[in-house]
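J.: sequence and predicted structure, then a few things I'm wondering about:
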Amino acid sequence: MVPLPAAITRDGAREGLELIQRVFDSFHVPLFLTYGALLGIYRDGDFIPYDDDIDLCVTAEIDYQTRKAIGWKLIDLGFYGAYCLE
């Protein structure tokens, strides 16, 4: 497993978000920013510099196979630590 970065840079956050968006788009699953990520974009027009994550939400109903495929694709790209609250 890749070690956690000390901090997420704004450029790194944008690049990561673009990659994640492409994965979800390839499965036709919409996602959107929430919590601190959304607050920063709304308030400051950018990610909050001291935030250490990007909060995303999916509200669409997704079948199990698609969820697994998205998850494995994200892992293949080097993402980890995703949590699903159901």
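T.: Thanks, I have it.
J.: contact partners of the helix or strand where Val23 lies?
T.: Secondary structure assignment for Val23, by DSSP states H and E: helix 10-26. Residues outside helix 10-26 that contact it (CB atoms under 8 Å, 6 or more residues apart in numbering): 5, 8, 30-31, 46-47, 49, 54, 56, 58, 70, 73-74, 77, 79. Where C-beta positions appear, they are placed from N, C-alpha and C, glycine not excepted.
J.: may I see the buried residues of that helix?
T.: For helix 10-26, a neighbour-count test (16 or more other CB atoms under 10 Å) marks 13, 16-17, 20, 23-24 as buried.
J.: from the chain's centre, how far out does that helix sit?
T.: Relative to its chain's centre, helix 10-26 lies at 7 Å (CA atoms, centre = their mean, to the nearest Å).
J.: partner strands of the following helix or strand past it, parallel or antiparallel?
T.: Per DSSP H and E, the first helix or strand lying C-terminal to helix 10-26 is strand 32-33. Paired neighbours of strand 32-33 in the sheet (DSSP bridges): strand 56-57 (antiparallel).
J.: avg pLDDT for the partner strand?
T.: Averaged across strand 56-57, the pLDDT comes to 88.
J.: could you identify the helix or strand that succeeds it?
T.: helix 64-76.
J.: what residues does stretch 50-65 touch?
T.: By CB under 8 Å, 6+ apart, stretch 50-65 touches 7-8, 13, 16-17, 20, 24, 27, 29-38, 40, 47, 70.
J.: which of the residues in that stretch are classified as buried?
T.: Applying 16+ other CB under 10 Å to stretch 50-65 flags 51, 54, 56, 62 as buried.
J.: kindly report the same for stretch 28-36.
T.: 29, 31, 33, 36.
J.: distance of the closest residue to Leu74 other than its chain neighbours relative to Ile48?
T.: Spatial nearest neighbour of Leu74, chain neighbours left out: Val23 (6.0 Å); criterion: CB to CB, 6 or more residues apart in numbering. Distance, Val23 to Ile48, using CB to CB, to the nearest Å: 24 Å.
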